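# sequence and computational prediction follow.
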Amino acid sequence: MAAEVLCAAGAQVHVYDAMPSVGRKFLLAGLGGLNLTHAEPFDAFITRYAERTQACAAWLKAFDAQAIRAWVQGLGLDTFVGTSQRVFPTDMKAAPLLRAWLHRLRHPAQGAPVTFHMRHRWNGALQHNASAPHPFHLVFDTPQGPHTTEADAVVLALGGGSWAKLGSDGAWQPWLSALGLDVAPLRPANCGFDVQGWSAHLATQFAGTPLKAVALSFTDSVGHSFSRRGEFVVTATGIEGSLVYAASSLLRDEIARSGHATLHLDLKPDFTAERVLKEMQHPRGSRSLSSHLKSRLHLTPLHLALLHEVLSKEAMHDAAQLAHTIKHLPLTLAAPRPLDEAISSAGGVRLEALDERLMARAMPGLFLAGEMLDWEAPTGGYLLSACLASGRVAGTGVAEYLNHYD
Ligand SMILES: Cc1cc2nc3c(=O)[nH]c(=O)nc-3n(C[C@H](O)[C@H](O)[C@H](O)COP(=O)(O)OP(=O)(O)OC[C@H]3O[C@@H](n4cnc5c(N)ncnc54)[C@H](O)[C@@H]3O)c2cc1C
C-alpha cells in the first residue's frame, strides 16, 4: 500500500522481501476466504482496536471499509458482505487480487513502476547519514551474498511473528530496539490455548472435532467480561477457533497476570437452566447416561467427554450437578499456544515511538506500517484493514517527507 501511494506520487519505489515471492501471509488468509474488512458502522468498527482505537481510527478514516471495497473494485474484482457483516472478495480468494495488485504496481498507469527484489532479507543493518545524498544505507542478505542499497526514505512493513515460515519472523524486534525504537515484545493474538489437565482421551479421540453452537463466557480479575455464542475446535492440548480467538486477548492477558484463566461454556445456550435440569431429571429407565443425554438434550460424545473432564463419576449421575455443569462448564487455560501458531501478533513497535505519519521519532525518514506496530484486533477483517490503512498513511507520510526534504 505504501508502495502504491508512493508510486502514484511519482517516487522510485523498491520493495525488498525475504521470501521468494510477496504476500505469502495474504495468500494464506485467502485459504479462509480472505476477510478483507467489515461492513459495520465506522464508530463500531474502530472500537475493535481496543486501546489503540484512536490511532487506528486516524488511519482508517482515510481508508475505511468502503474505501477498501472501492480499491478492490479498482483492481477489477468485486466484494460482498457475508454473514456477520464480514467483507470478502466475490471469489473468496487472495491470489487473483494479489496478482492484479502486483500487475498494477509493476505497470502503473502513471508514475514509475515499482521494482520488486525477492530473496532480499534485511539483516538489521540500517544507517542514517542526514548529510549523504541518499541518507539511508541498508544491507540485505541474498543468496548471492550481502546486498547494500541506499534510499531517501524507508518503510518497514515486516509483519508480526506468527507463521514465521511465511516470512514474518519477528527477528526485527532487537534490531529496531537497537535503533532507538520502543518495541513491546510480540505476543500471540487470535490464538488457541492449552487447557490444564486436558486428558489423553480428549486429545486422541476428539482433536480436530468442532464444538458448535456453544456460548463462552469469561470475566477477568480486573472486571472485563466476554460472553458470546459461536464455535471452536478441540485440539490435542486444548482449544482454538473463532469463538476462542474472539476471547483470546482477555484470556491471554489474564494468564499473564494470574498464571491461568478459567472460562465457562454453556453447552445448551438455547435451553434455560430449568429446562436442562428438567430434562436431566426425566426418568431414563434402562438407557445409558450417554443415550439419555443424547435423546433429551442432543448432546454429542464430545459434550459428554468434556463433562467427564470436570465431573466425577458420582457427579455425572447427579441430575442437579450435571445440569449445572452443562450450562456452566469450567475450563482452566494454562497458556496461550505459541506465537508461531497464532493468526496475528500483539505487541510491536509502540505507536508513541512514531509520529502521526508513522515516521520514527528517533530516525526521520524511517516509516513503519502493518502488523509490526503495537495494535491488535480480533478476526473479522480488522487486521488487513489496519495493515492496508497504515500502509497508506506511511506511504503518504513518505511522499510528504520527501517533498519537504527536497
Ligand atoms: C491463517 C491466517 C489467516 C488470516 N486471515 C485473515 C483474514 O481473513 N482477514 C484479515 O484481516 N487478516 C487475516 N490474517 C492476518 C493478516 O494476514 C495479517 O495481519 C497481515 O498479512 C499482516 O500484513 P503485514 O504486511 O503487516 O505483514 P505480513 O503479511 O506478514 O508481511 C510481512 C512481509 O515482510 C517480510 N519480511 C519480514 N522480515 C523481513 C526481513 N527481515 N527482510 C525482508 N523481508 C522481511 C515477510 O517475508 C513478509 O512478506 C490471517 C493470518 C493468518 C496467519
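Sure thing, it's come through.
# please list the residues of the stretch 301-406 of the chain that sit near the ligand.
Residues of the stretch 301-406 of the chain that fall close to the ligand, judged by Cβ under 6 Å from any ligand atom: 343, 344, 370, 371, 372, 381, 383, 384, 387. Just so you know, the C-beta spots here come from the backbone N, C-alpha and C atoms, and that holds for glycine as well.
# which stretches of the stretch 301-406 of the chain have low pLDDT?
405-406 (pLDDT under 70).
# what segments of it are helices?
301-310, 313-316, 319-327, 382-405 (DSSP state H, counting those that start in this stretch).
# most tightly packed of those?
Ranked by mean neighbour count under mean count of other Cβ atoms under 10 Å, those are led by helix 382-405, which reaches a mean of 22.
# let's see that helix as PDB, backbone CA atoms only.
Only the C-alpha atoms of helix 382-405 are listed here, as PDB (Å, rounded to 0.1, in the frame of the first residue of the first chain):
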ATOM      1  CA  TYR A 382      -9.900  -5.700  11.100                       C
ATOM      2  CA  LEU A 383      -6.300  -7.000  10.700                       C
ATOM      3  CA  LEU A 384      -6.000  -6.500   7.000                       C
ATOM      4  CA  SER A 385      -7.900  -3.200   7.200                       C
ATOM      5  CA  ALA A 386      -5.500  -1.700   9.600                       C
ATOM      6  CA  CYS A 387      -2.500  -3.100   7.700                       C
ATOM      7  CA  LEU A 388      -3.700  -1.600   4.500                       C
ATOM      8  CA  ALA A 389      -4.700   1.700   6.000                       C
ATOM      9  CA  SER A 390      -1.500   2.100   7.900                       C
ATOM     10  CA  GLY A 391       0.500   1.300   4.700                       C
ATOM     11  CA  ARG A 392      -1.300   4.200   3.100                       C
ATOM     12  CA  VAL A 393      -0.500   6.500   6.000                       C
ATOM     13  CA  ALA A 394       3.100   5.600   5.800                       C
ATOM     14  CA  GLY A 395       3.300   6.000   2.000                       C
ATOM     15  CA  THR A 396       1.600   9.400   2.200                       C
ATOM     16  CA  GLY A 397       4.000  10.300   5.000                       C
ATOM     17  CA  VAL A 398       7.000   9.400   2.900                       C
ATOM     18  CA  ALA A 399       5.700  11.500   0.000                       C
ATOM     19  CA  GLU A 400       5.200  14.500   2.200                       C
ATOM     20  CA  TYR A 401       8.500  14.000   3.900                       C
ATOM     21  CA  LEU A 402      10.400  13.700   0.600                       C
ATOM     22  CA  ASN A 403       8.800  16.900  -0.700                       C
ATOM     23  CA  HIS A 404       9.700  18.600   2.500                       C
ATOM     24  CA  TYR A 405      13.100  17.100   2.300                       C
END
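# look at residue 131 and report its pLDDT.
On pLDDT, residue 131 comes in at 93.
# in JSON lines: the helices of the stretch 301-406 of the chain, plus distance to residue 134.
Output for these, formatted as JSON lines (distance: least, Cβ to Cβ, whole Å):
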{"stretch": "helix 301-310", "distance to residue 134": "61"}
{"stretch": "helix 313-316", "distance to residue 134": "72"}
{"stretch": "helix 319-327", "distance to residue 134": "66"}
{"stretch": "helix 382-405", "distance to residue 134": "11"}
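# ok, the residue nearest to residue 220 when sequence neighbours are not counted - how many residues close by?
The shortest distance from residue 220 to any non-neighbouring residue, by Cβ to Cβ, 6 or more residues apart in numbering, is to residue 254 (4.4 Å). Counted with other Cβ atoms under 10 Å, residues neighbouring residue 254 total 22.
# quick one: residues contacting residue 254.
Residue 254 is in contact with 218, 220, 221, 260, 261, counting by Cβ atoms under 8 Å, 6 or more residues apart in numbering.
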